[in-house]
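> sequence plus predicted model, see below.
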Amino acid sequence: MESRNVIGMNGGLIFTKEDFKDLFRKVVFTLLIGIYFCFFLLLVGLIAVRAEAKTVVYGSAAEQVRIIYGTPTVFRFEKAVQTITGAGRLQIEPTNKGDYSSLSVTPRFTNGVHDVTFFLVDKAVVRVKILVSPKDPAADSFYDFRSRDSVESGFDGNAPALTEIELLKAMYRDDSVSGYKVMRMSQGFPSKSGNAQAELIRIYQGNPFNGYVFRVRNTSWRKNLEIDVRHIAVGKPSLAILSQSDDSTLYPKGKGVNETLVRVVAKNTASSRDVILAMEAEEPDTKSKGGE
C-alpha cells in the first residue's frame, strides 16, 4: 500500500510533502528577495531625482515655479513652515511625518496660475507663483527654496555664489561654468518681427540662474533690425535679470553687420520657451542732401 505522504512518478523520482513545502519556501524567499531588490532600485532612483532639486532663490517678490497636474512636487525650505495662505486649491502635506520643512504639493486644478505664501518659523516669508499644467517639460519635481541672504553668504556653504554678471561673462566667452549644465543646439526660435530670424544655440542650466544664447539675423534687404535688450522679457512677470547683445543694430543684407548674438540671464525657474526678444524693423536713416 502506497503512503499518502509520497508521490511517485513512474517509479522514478519520489517527492514527499516535505519536499514540496521546502520548494514552496524557496520560491517565496526568491520572490521576496526580488521584490526587495526592485524596491531598493526604486528608492535609489527617487534619491537620485531628489539630488537634482532646482534651487529657487527668494527675496521679497514672488518666485515662479512650474508643476505638473496630478503629480506631487516637493517644496523644501531652510526652516519649517508655520503657516500657509492661498493653499485652498492645493493638497499640501509633509513628505516626512512631523517635518514641515519639506512639503509635498499636489494641485487640485488642471491648468492655471495660483499664488501661495509660506511663512517659516524664523519669520521668513516665501511668496510663490505656481504655474500648473497637465504637461510641461520645464517643470521640476523638487524645488529647494533658499533665501537670498544665505545664497550671497556662500552658495551651499562652499564657493561664493556665481553672480549674474559672472555667468553673462562666461556666456560671452563660451566658457564652461562649474555647477552649470551647458546644452548646445540649433533650434529655431519664434520672432514677432518678420524681418528677423532667431536661433537658440546654447542653454546654461544651474543655480541660481539660467542662461540663453540666441543667434539673430536680419533677413531684410531694405530695413535695419533694432534689438532693444532693455525690453527683453522671460515670461510674465518677467524672470529676466540681464540681457546683452553684441550689436544693437543689424543692417540689411550686404550693407553691413546683419547677424549678432544675444544673451539672456534669468532666474533658474525660467524656461527658454518664455523668452521674448525685443526687436523692431526700421527704415535706415537717410542724410538729407542739404544737411550739415
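Alright, I've got the coordinates. Source: prediction; values computed, not measured.

> low-scoring stretches of the stretch 1-150 of the chain, by residue?
Applying pLDDT under 70 to the stretch 1-150 of the chain picks out residues 1-17, 19-20, 36-52.

> which parts of it are helices?
17-51, 148-152 (DSSP state H, counting those that start in this stretch).

> for Asp144, name its beta-bridge partners.
With DSSP bridges as the criterion, Asp144 is bridged to Thr55, Arg76.

> who's in contact with it?
Ala53, Lys54, Thr55, Val56, Arg76 (Cβ atoms under 8 Å, 6 or more residues apart in numbering). Just so you know, the C-beta spots here come from the backbone N, C-alpha and C atoms, and that holds for glycine as well.

> do Ile227 as well
Ile227 sits in contact with Val216, Ser245, Asp247, Ser248, Thr249, Leu250, Thr260, Val262, Leu277, Ala278, Met279, where contact means Cβ under 8 Å, 6+ apart.

> neighbours of the fourth one, how many?
With neighbours defined by other Cβ atoms under 10 Å, the count for Ser248 comes to 12.

> quick check: beta-bridge partners of the closest residue in space to it that isn't next to it in sequence?
In this structure, Ser248 finds its nearest non-sequential neighbour in Ile227, 5.3 Å apart by Cβ to Cβ, 6 or more residues apart in numbering. In this entry, Ile227 is beta-bridged to Met279, by DSSP bridges.

> among the contacts of Ile227, which ones are in strands?
Val216, Ser245, Thr249, Leu250, Thr260, Val262, Met279 (DSSP state E).

> and the gap between the fifth one and Glu283?
Translated: Thr260. Going from Thr260 to Glu283 by Cβ to Cβ, to the nearest Å gives 20 Å.

> who has more neighbours out of the two?
Thr260 (18 against 8).

> list the buried residues for stretch 91-100?
Ile92, Thr95, Tyr100 (16 or more other Cβ atoms under 10 Å).

> for the closest residue to the last one other than its chain neighbours, give me its contacts.
Taking Cβ to Cβ, 6+ apart, and ignoring the residues beside it in sequence, Tyr100 has Ala80 as its nearest neighbour in space, at 4.2 Å. Ala80 makes contacts with Asp99, Tyr100, Ser101, Leu120, Val121, as judged by Cβ under 8 Å, 6+ apart.

> separation between Ala80 and Gln197?
From Ala80 to Gln197 the distance is 51 Å (Cβ to Cβ).

> again, but for Ala240
Plainly put, Ala240 is 21 Å away from Gln197 if you go by Cβ to Cβ.

> pretty sure Phe142 contacts Ala53?
Yes: between Phe142 and Ala53 there is a contact at 4.0 Å, judged by Cβ atoms under 8 Å.

> shared neighbours, the two?
Common neighbours of Phe142 and Ala53 (Cβ under 8 Å, 6+ apart) are Val74, Arg76.

> strand partners (parallel or antiparallel) of the one helix or strand Gly211 maps to?
In the assignment (DSSP states H and E), Gly211 maps to strand 209-218. If you go by DSSP bridges, strand 209-218 pairs up with strand 196-205 (antiparallel), strand 259-267 (antiparallel).

> how is Arg230 assigned, secondary-structure-wise?
helix (DSSP: H, G, I helix; E, B strand; the rest coil).

> contacts only, for it.
Ser243, Ala278.

> just the strands in the stretch 101-250 of the chain please.
112-120, 125-133, 142-147, 181-189, 196-205, 209-218, 224-227, 233-234, 240-245, 249-250 (DSSP state E, counting those that start in this stretch).

> please parse the chain into its domains.
The chain breaks down by automatic domain parsing into domains covering 54-157, 164-282.

> straight-line length of the last one, end to end?
Translated: domain 164-282. Using Cα to Cα, to the nearest Å, the end-to-end distance of domain 164-282 comes to 31 Å.
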